[in-house]
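Enquirer: below: sequence and its predicted model.
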Amino acid sequence: GQSLEQPSEVTAVEGAIVQINCTYQTSGFYGLSWYQQHDGGAPTFLSYNALDGLEETGRFSSFLSRSDSYGYLLLQELQMKDSASYFCAVSPRGANNLFFGTGTRLTVIP
Amino acid sequence: DGGITQSPKYLFRKEGQNVTLSCEQNLNHDAMYWYRQDPGQGLRLIYYSQIVNDFQKGDIAEGYSVSREKKESFPLTVTSAQKNPTAFYLCASSRRPGQGAEAFFGQGTRLTVV
């Protein structure tokens, strides 16, 4: 089986930088994805790491280290609208599905 | 516009009834998924399908059934065997894993047992 663990809640100040971690146990996967979900809404895709290293997409960056079984999402210049839940996800090799982490609820305060 | 559509948005079910949630996509994606989300919780996989006429159980398939007769459609039936069906149900589609990363989600169906 697989597991993806994330902190349940994170609070950060508007304009600051926040890092949301994802540690995983899985035998092998194609890559690590990140999704954002506002309350009552659908998850939307943010970022994807197929290889180790940092991927940057505007204010969002994502990092993967397969050797450390670890990844993170970095949000810069936080805005109030960034308050949402964030999920990491993997597509395990062999299972060919999309498995989500436990989710982190980010609250941005003024 | 391409996308994925779930219906209905809200659904009420009486005890002992089966209900079917619709999911349609026009993105030409091979893979489709059903997830259940309980308040404040993550997404748990119910069923997934990689190609037409084939589907696999996820982590919480008991009390649910699916079909994949067309590439565009992946309906989910919540049967009376599901003892606690009240939840938010999300359908998603993507290219096959290994061919691309992004999954697209529908707006969800909120099911309530009355």
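Expert: On my side now, so go ahead.

Enquirer: remind me which residues of chain A are low pLDDT?
Expert: Applying pLDDT under 70 to the predicted model, the residue ranges of chain A that meet it are A:1.

Enquirer: residues from it in reach of chain B?
Expert: A:30-31, A:33, A:35, A:41-45, A:48, A:50, A:87, A:89, A:91, A:93, A:96-103, A:105 (CB under 8 Å from any CB of the partner chain). Placement of C-beta: from N, CA and C, glycine included.

Enquirer: contacting residues for the residue most central in space within chain B?
Expert: The central residue of chain B, meaning the one whose C-alpha is nearest the mean C-alpha position (CA atoms, centre = their mean), is B:Trp34 at 2.9 Å. When contacts are counted by CB atoms under 8 Å, 6 or more residues apart in numbering or on different chains, B:Trp34 is found next to B:23, B:45-48, B:58, B:64, B:66, B:74, B:76, B:89-91.

Enquirer: in which helix or strand does it reside?
Expert: According to DSSP states H and E, B:Trp34 maps onto strand B:31-37.

Enquirer: put the alpha carbons of that strand into CSV.
Expert: Listed in CSV are the C-alpha atoms of strand B:31-37, where the atom choice follows Å, rounded to 0.1, in the frame of the first residue of the first chain:
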residue,chain,number,x,y,z
ALA,B,31,-8.6,7.4,-16.9
MET,B,32,-11.5,8.3,-14.6
TYR,B,33,-11.8,8.2,-10.9
TRP,B,34,-14.4,8.4,-8.1
TYR,B,35,-13.5,9.8,-4.7
ARG,B,36,-15.3,10.3,-1.5
GLN,B,37,-14.6,13.2,0.8
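
Enquirer: in that strand, what's buried?
Expert: Neighbour-count burial for strand B:31-37, counted by 16 or more other CB atoms under 10 Å in any protein chain shown, picks out B:31-37.

Enquirer: returning to that earlier point: just the contacts of B:Trp34 now: which is nearest chain A?
Expert: B:Tyr48 (4.5 Å; CB to the nearest CB).

Enquirer: count of residues packed around the closest one?
Expert: In terms of burial, B:Tyr48 registers 26 neighbours under the definition other CB atoms under 10 Å in any protein chain shown.

Enquirer: contact partners for it?
Expert: A:96-98, B:31-34, B:55-56, B:58.

Enquirer: please redo it, this time with the cut-off set to 7 Å
Expert: For B:Tyr48, the contacting residues are A:97, B:31-33, B:55-56, B:58, taking CB atoms under 7 Å, 6 or more residues apart in numbering or on different chains as the criterion.

Enquirer: just B:Phe12 next, same as before
Expert: B:112, B:114.

Enquirer: three-state assignment of it?
Expert: The three-state assignment at B:Phe12 reads strand, by DSSP: H, G, I helix; E, B strand; the rest coil.

Enquirer: equivalent analysis for the one 4 residues further on, please.
Expert: The assignment at B:Gly16 comes out as coil when based on three-state DSSP.

Enquirer: note down every partner strand of the strand holding B:Trp34 and its orientation.
Expert: Using DSSP bridges, the strands paired with strand B:31-37 in its sheet are strand B:43-51 (antiparallel), strand B:87-94 (antiparallel).

Enquirer: mind checking which of those strands is nearest A:Val13?
Expert: Taking CB to CB as the criterion, A:Val13 comes closest to strand B:43-51 out of those, the separation being 28.3 Å.

Enquirer: packing partners for the helix or strand just after that closest one?
Expert: For strand B:43-51, the following helix or strand on the C-terminal side (DSSP H and E) is strand B:54-57. Contacts defined by 3 or more CB pairs under 7 Å, 6 or more residues apart in numbering or on different chains; DSSP states H and E place strand B:54-57 against strand B:43-51.
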